[in-house]
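**Q** Prediction below, plus the sequence it came from.
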Amino acid sequence: MTSRLHAKYDKRDGFYSKLADDPDLKELVAVFVQEIPTRVAALIDCLADGNWETLGRLTHQFKSAVGSYGFDELVPVANRLEVAVREGDAEDAVADALTELVETCRRVRTGSPRGDG
């Protein structure tokens, strides 16, 4: 399962930050997008290590960050993972929620849908 989570990000069906056109924030959003694979890898590592406390904390931070950076599509997906960890769901359920988050993160794009950025 972990190897599937670490699969390369693809280019299909992407979505963009609602802040992508803000001249003051678009560079910060681009930096955040570049950091997403590292953040996701940390979540995957926590799951693999059984480190539920850190997984819950990092997921909460990630959920807050994606919302702050305008990626509203990611908030409910990250929330599902956070709730699964907090409620002590079975490892398979947590892994499924993390897989959904990873797959959704693969759709995140930098710039704007118009092609600039």
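**A** Noted; the coordinates are in hand.
**Q** Most distant residue from the centre of the protein?
**A** Relative to the centre of the chain, and counting by C-alpha atoms, centre = their mean, the farthest-placed residue is Pro23 at 23.5 Å.
**Q** is it true that it lies in a helix?
**A** No: assessed with DSSP: H, G, I helix; E, B strand; the rest coil, Pro23 is coil; it does not lie in a helix.
**Q** In contact with the residue positioned nearest the centre of the chain, which residues?
**A** Closest to where the C-alpha atoms of the chain average out (C-alpha atoms, centre = their mean) is Cys105, at 4.6 Å. Taking C-beta atoms under 8 Å, 6 or more residues apart in numbering, we find Cys105 in contact with Tyr9, Ile36, Pro37, Val40, Leu74. C-betas here are computed from N, CA, C, even on glycine.
**Q** what about the residue farthest from the centre of the chain, distance to Phe62?
**A** 26 Å (C-beta to C-beta, to the nearest Å).
**Q** Repeat that for Pro76.
**A** Taking C-beta to C-beta, one finds Pro76 at 13 Å from Phe62.
**Q** which of those two has more neighbours?
**A** Phe62 (22 against 10; other C-beta atoms under 10 Å).
**Q** Check the contact between that one and Val75; I expect there is one.
**A** No: Phe62 lies out of contact with Val75 (C-beta atoms under 8 Å); the separation is 9.8 Å.
**Q** quick one: low-confidence ranges for the protein?
**A** 1-12, 115-117 (pLDDT under 70).
**Q** Recalculate using a threshold of 90.
**A** 1-14, 20, 110-117 (pLDDT under 90).
**Q** related to what we said a few turns ago, of the contacts of Cys105 - the most surrounded one?
**A** Leu74 (23 neighbours).
**Q** Please report the number of neighbouring residues for the nearest residue to it once chain neighbours are set aside.
**A** Leaving aside its chain neighbours, Leu74 sits nearest to Val66 (4.0 Å; criterion: C-beta to C-beta, 6 or more residues apart in numbering). Residues lying near Val66 (other C-beta under 10 Å) number 24.
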